[in-house]
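Visitor: Here you go, sequence then predicted model.
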Amino acid sequence: MYHSAVMVQTLNELGMGGIVEYNHDCHRFRPLDNKEDATKTVQMDAPRELLRPREAALLRVQQMENAKSAIDIETQCSDIVEQYEAKNCATLAIEMMTDQETDIMMEFMAENVDYAARSGSPVGAKVLTPPTPFIADSGPEVFDAAAFIEAGGVIPSSTTTSDEVEARVSRRLLANPVTDAPSYDGEDVVFIYLDSHDTRGIPLHQYALHIPRSATNVVILTAPDLPRTSTAIQDVAEAHVDLLFRYIKDLVPRARVEVSSGEGVGTLGIVRDILDVGTLICTPGLDCLIPAVLRGRVDEAEVKRQQTILVDSGEENGKKSSSEPSWNIANLSPKFTSHIQILPSSSAEKLDLKWDKSFQPAKIDFLTSPPEDRASCPAVRGRHGTWTKDMKYAAKLQYSTPVDHIFGFADQRFLAEKKTPYREPTTYRWVEDKSIDSCSIKLVNLESFCEITASLNVGRLFFVGDYVGMNQAYSLWKLLGNVDSPKPIHEREPSWTRDIFCPQERIIQIQFTRNDVMQQNDNPVDLPKKISNCNGLLYCYRWTEKYMEYYQQPQQQSEEQRTIFITSFGPHFYEDKGFRNRMADFLNLLDVNLKERLTKDIFFYRTTAPGHELCNRKKNQLPFKNFEEYRPTITDLYSWDLHDGFNDIAERMVRDFNGAHYNNNTAPTTETALLAPLHVLDVYPMSVLRRDGHVGGPDCDGCSIKHDCFHYSLPGPSDWWNHLLFSNLEDIAVVEKRFGHQQ
């Protein structure tokens with residue numbers, strides 16, 4: 001019965017003592033919310049094959065040489081429990097346990113908490129509170145961490161009526177709650193658990209790494225006994241929560257970010273929520289261990305849809321705590337941790353404050369330190385930063401000649417002067433937030449293009465899409481220094497193929513195929529003759545045959561070359577069901593028609609960037625400083641307000657696709673995620689801030705297209721989509737070399 005007693009002690013230490021009750025008869029536990037139903041209890045005995053090591057552990061630790069059998073142990077159980085409670089010797093017991101005995105105790109704890117959380121009725125406060133309406137002129141939300149801690153961690157209740165709350169709960173949540181966009185409140189939830197017994201923290205970029213771009217809710221959970229800890233610990237927690245809250249609000253501005261504590265944490269209701277959320281991030285400490293373990297006890301498909309990140313508690317400063325056990329989580333059996341991405345204890349540092357209760361400068365430097373590993377960069381690059389005007393840098397952003405296309409009209413009409421040598425929209429560069437500035441976007445040019453494609457053994461870039469996809473393909477062609485355009489403007493046939501010549505006689509093909517919604521059918525299509533074949537007026541040229549034709553021709557190089565594939569099709573949908581179905585059809589095409597290339601080539605789905613209403617009404621429009629400036633301008637014109645919802649759907653479906661095709665039963669790391677078959681090229685965060693530079697913008701002086709506030713002129717903001725693409729490809733090349741993954 002040794003392990004059951006330790007379980008009770010440990011549950012109390014984890015702040016979950018209110019979940020199960022041990023009735024001291026050495027037989028069963030039961031959920032506290034089912035006291036009247038004696039049948040809903042859990043047998044605490046270990047399986048028969050584990051009984052002997054359990055007895056041995058008890059005999060050794062308690063020095064009960066006179067106990068010869070399980071019956072003898074059972075008769076003395078109550079006395080043993082009293083000894084544990086009186087002497088508080090759980091730490092001693094845990095430190096003396098063998099690996100097998102630890103497995104037994106973990107199994108006990110996991111089974112009982114899992115049963116209690118999943119079978120009992122809800123208890124305690126709900127974590128996710130109803131959404132509040134957005135008020136355009138209210139300014140950025142501010143969280144008062146001090147008041148929160150002082151109030152015992154209880155979120156003030158809303159003053160709205162129950163009918164208003166119910167209406168808002170059922171409403172879709174996105175960048176602006178007054179729009180009807182397809183990403184729902186509570187659909188993609190992240191919990192971050194801060195342990196009150198451990199004042200260590202991790203760098204902020206770890207949250208950027210692991211919080212999905214499609215997150216709808218982020219809840220920062222503080223330990224239930226935080227108001228009862230020392231003033232020093234509360235001060236550190238207050239500063240930590242405040243910093244996290246502000247950072248995450250900027251990181252995922254479309255999500256609802258909340259803080260929850262008090263009676264809500266440590267109850268059955270909160271543990272059930274923790275088991276079901278999409279992403280759980282556990283900072284250093286043992287409080288979050290058992291819920292993290294339990295998340296691996298659901299069916300395999302559900303485990304793959306979830307993400308669990310846990311910082312190993314380890315031994316702080318090389319010393320074990322005298323008040324609680326110090327576990328090396330990485331040494332636990334894989335059956336408990338295979339679904340968890342474990343961050344080493346060395347990734348955390350103890351946080352301390354100055355006299356004014358702000359963090360020491362050294363701790364701020366640590367918390368805002370950027371990633372050191374290139375493998376982390378694609379997950380965070382282009383996600384959290386600002387556009388900065390830089391006239392010296394602007395010289396690098398110009399083309400050798402204007403594009404022979406509508407995209408180039410603004411450049412063709414621009415007259416350079418001494419004070420304005422470049423078009424205004426071409427004078428801005430993207431600057432990453434300090435926490436991720438080691439992952440800055442590098443400019444792609446012919447030299448870097450050839451180096452990166454060579455390192456990845458790439459022989460072709462294959463763009464498939466609509467007018468926006470064509471814009472990106474044209475952009476890449478001009479960024480590589482070509483004087484001409486991919487094809488003359490008078491040639492109306494949309495698809496084209498051109499060659500780029502690199503050193504060592506390497507030829508890289510750039511190919512564009514017009515397909516507005518990635519639909520394959522046998523209906524005739526001819527854009528010059530205005531014969532459309534999909535969704536009424538759209539053009540869907542077959543592309544899978546063109547894709548595979550490349551591999552049916554004699555290769556110019558001795559080794560088979562890979563393809564980088566880029567597509568997007570969000571702008572042509574006006575409700576989420578249609579987009580979801582089209583995304584599913586596209587993924588099925590990859591899985592069936594391109595199956596033999598799925599693990600060889602590199603596939604990208606580019607997110608959709610909405611347009612900006614009235615982009616042509618004001619001269620010298622500057623980029624928005626941040627998302628809060630952009631938010632009030634969100635419009636349902638052409639259903640642009642739906643685009644970020646479609647991006648969320650695509651991001652989640654790509655995660656599921658990769659989980660089914662690449663990730664096995666172990667948690668993917670930032671490295672192995674780059675080896676998955678399909679990637680998301682997320683241009684949305686950068687692009688929504690660029691209301692300037694559109695084809696219909698005021699910088700296109702005298703242009704005939706005055707109302708196009710969706711497509712961008714070239715050069716311009718969409719060039720940075722290719723800079724982002726090749727910066728990410730460079731990191732993928734580094735990781736592939738590390739793993740020897742090519743081919």
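Guide: Sure thing, it's come through. Residues are numbered from 1 along each chain as shown.
Visitor: Give me the mean pLDDT for stretch 635-652.
Guide: Mean per-residue pLDDT for stretch 635-652: 90.
Visitor: Can you get me the start-to-end distance on it?
Guide: Separation of the first and last residues of stretch 635-652 by C-alpha to C-alpha, to the nearest Å is 24 Å.
Visitor: and what of stretch 450-461?
Guide: In stretch 450-461, first residue to last residue: 12 Å (C-alpha to C-alpha).
Visitor: which outside residues touch that stretch?
Guide: 444, 476, 500, 502-504, 506-511, 550, 555-557, 559, 561-564, 566, 602, 726, 729-730, 732-733, 736-737, 742-743 (C-beta atoms under 8 Å, 6 or more residues apart in numbering). Backbone N, C-alpha and C define where each C-beta goes, glycine included.
Visitor: Mark which of the residues you listed are buried, thanks.
Guide: Neighbour-count burial (16 or more other C-beta atoms under 10 Å) applied to these gives 444, 476, 500, 502, 506, 508-511, 550, 561-564, 566, 602, 726, 729-730, 732-733, 736.
Visitor: Restricted to helices, list those residues.
Guide: 476, 550, 726, 729-730, 732-733, 736 (DSSP state H).
Visitor: Just list the residues touching the residue lying closest to residue 500 once chain neighbours are set aside, thanks.
Guide: Leaving aside its sequence neighbours, residue 500 sits nearest to residue 508 (C-beta to C-beta, 6 or more residues apart in numbering; 4.4 Å). Shown in contact with residue 508 (C-beta under 8 Å, 6+ apart): 449-450, 453, 458-461, 499-500, 502.
Visitor: in the sheet, who's paired with the residue lying closest to residue 601 once chain neighbours are set aside?
Guide: Leaving aside its sequence neighbours, residue 601 sits nearest to residue 563 (C-beta to C-beta, 6+ apart; 4.4 Å). Assessed by DSSP bridges, residue 563 has beta-bridge partners residue 460.
Visitor: show me where the stretch 451-600 of the chain has strands.
Guide: 458-465, 496-502, 506-514, 562-567 (DSSP state E, counting those that start in this stretch).
Visitor: Can I get those in a markdown table including distance to residue 662?
Guide: Output for those, formatted as a markdown table (distance: least, C-beta to C-beta, whole Å):
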| stretch | distance to residue 662 |
| --- | --- |
| strand 458-465 | 20 |
| strand 496-502 | 30 |
| strand 506-514 | 26 |
| strand 562-567 | 16 |
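Visitor: Tabulate those (TSV), appending distance to residue 288 and mean pLDDT.
Guide: Shown next, in TSV, are those (distance: least, C-beta to C-beta, whole Å; pLDDT from 0 to 100):
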stretch	distance to residue 288	mean pLDDT
strand 458-465	42	96
strand 496-502	50	96
strand 506-514	48	96
strand 562-567	39	97
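Visitor: From residue 434, how far out is the residue lying closest to residue 570 once chain neighbours are set aside?
Guide: Spatial nearest neighbour of residue 570, excluding adjacent residues (C-beta to C-beta, 6+ apart): residue 608 at 3.3 Å. Note on residue 608: its distance to residue 434, by C-beta to C-beta, to the nearest Å, is 29 Å.
Visitor: what two of the ones in helices among the buried ones among the contacts of stretch 450-461 are the furthest from one another?
Guide: Maximum pairwise distance among these (C-beta to C-beta): 23.2 Å, between 550 and 730.
Visitor: List the contacts of residue 309.
Guide: Contacts of residue 309 (C-beta under 8 Å, 6+ apart): 206, 210, 279-282, 340-341, 343.
Visitor: now with 6 Å?
Guide: 210, 281, 341 (C-beta atoms under 6 Å, 6 or more residues apart in numbering).
Visitor: Who wins on neighbours among those?
Guide: The residue in the contacts of residue 309 with the most neighbours, by other C-beta atoms under 10 Å, is residue 281 (27 neighbours).
Visitor: wait, isn't that residue in contact with residue 191?
Guide: No. Using C-beta atoms under 6 Å, residue 281 is not in contact with residue 191, being 7.1 Å away.
Visitor: A helix includes residue 429, no?
Guide: No. With DSSP: H, G, I helix; E, B strand; the rest coil as the criterion, residue 429 is strand rather than part of a helix.
Visitor: Tell me how far it lies from residue 717.
Guide: Taking C-beta to C-beta, one finds residue 429 at 11 Å from residue 717.
Visitor: In terms of neighbours, single out the busier of these two.
Guide: residue 717 (26 against 20).
Visitor: Which ones among the contacts of residue 309 lie within strands?
Guide: Assignment to strands by DSSP state E places the following of the contacts of residue 309 there: 281, 341.
Visitor: From the contacts of residue 309, which one has the minimum pLDDT?
Guide: residue 341 (91).
Visitor: ok, that one to residue 381 distance?
Guide: Residue 341 is 20 Å from residue 381, by C-beta to C-beta.
Visitor: Check residue 532 too.
Guide: Computed as C-beta to C-beta, the residue 532 to residue 381 distance reads 37 Å.
Visitor: And for residue 287?
Guide: 32 Å.
Visitor: Please apply the same query to residue 392.
Guide: Counting by C-beta to C-beta, the gap from residue 392 to residue 381 is 23 Å.
Visitor: what do you get for residue 710?
Guide: From residue 710 over to residue 381 the distance is 24 Å, taken as C-beta to C-beta.
Visitor: again with residue 464
Guide: Taken as C-beta to C-beta, the span from residue 464 to residue 381 is 24 Å.
Visitor: same deal with residue 249?
Guide: Residue 249 is 20 Å from residue 381, by C-beta to C-beta.
Visitor: Equivalent analysis for residue 690, please.
Guide: Residue 690 is 17 Å from residue 381, by C-beta to C-beta.
Visitor: now do residue 615
Guide: Residue 615 is 26 Å from residue 381, by C-beta to C-beta.
Visitor: Of these two, which one has the most company?
Guide: Ranked by neighbour count (other C-beta under 10 Å), residue 615 and residue 381 place residue 381 first, with 26 against 23.
Visitor: tell me the contacts of residue 627?
Guide: residue 253.
Visitor: one more time with 8 Å
Guide: For residue 627, the contact set (C-beta under 8 Å, 6+ apart) comprises 175, 250, 253-254, 685, 688-689.
Visitor: In JSON lines, list the residues you listed along with distance to residue 572 and secondary structure.
Guide: Formatted as JSON lines, the contacts of residue 627 follow (distance: C-beta to C-beta, whole Å; DSSP: H, G, I helix; E, B strand; the rest coil):
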{"residue": "175", "distance to residue 572": "20", "secondary structure": "coil"}
{"residue": "250", "distance to residue 572": "31", "secondary structure": "helix"}
{"residue": "253", "distance to residue 572": "26", "secondary structure": "coil"}
{"residue": "254", "distance to residue 572": "22", "secondary structure": "coil"}
{"residue": "685", "distance to residue 572": "22", "secondary structure": "helix"}
{"residue": "688", "distance to residue 572": "19", "secondary structure": "coil"}
{"residue": "689", "distance to residue 572": "24", "secondary structure": "coil"}
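Visitor: could I get those as JSON lines with neighbour count, distance to residue 183 and pLDDT?
Guide: Compiled in JSON lines, the contacts of residue 627 are given as follows (neighbours: other C-beta atoms under 10 Å; distance: C-beta to C-beta, whole Å; pLDDT from 0 to 100):
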{"residue": "175", "neighbour count": "22", "distance to residue 183": "9", "pLDDT": "43"}
{"residue": "250", "neighbour count": "14", "distance to residue 183": "19", "pLDDT": "93"}
{"residue": "253", "neighbour count": "18", "distance to residue 183": "13", "pLDDT": "91"}
{"residue": "254", "neighbour count": "22", "distance to residue 183": "8", "pLDDT": "89"}
{"residue": "685", "neighbour count": "22", "distance to residue 183": "15", "pLDDT": "96"}
{"residue": "688", "neighbour count": "24", "distance to residue 183": "15", "pLDDT": "96"}
{"residue": "689", "neighbour count": "24", "distance to residue 183": "20", "pLDDT": "97"}
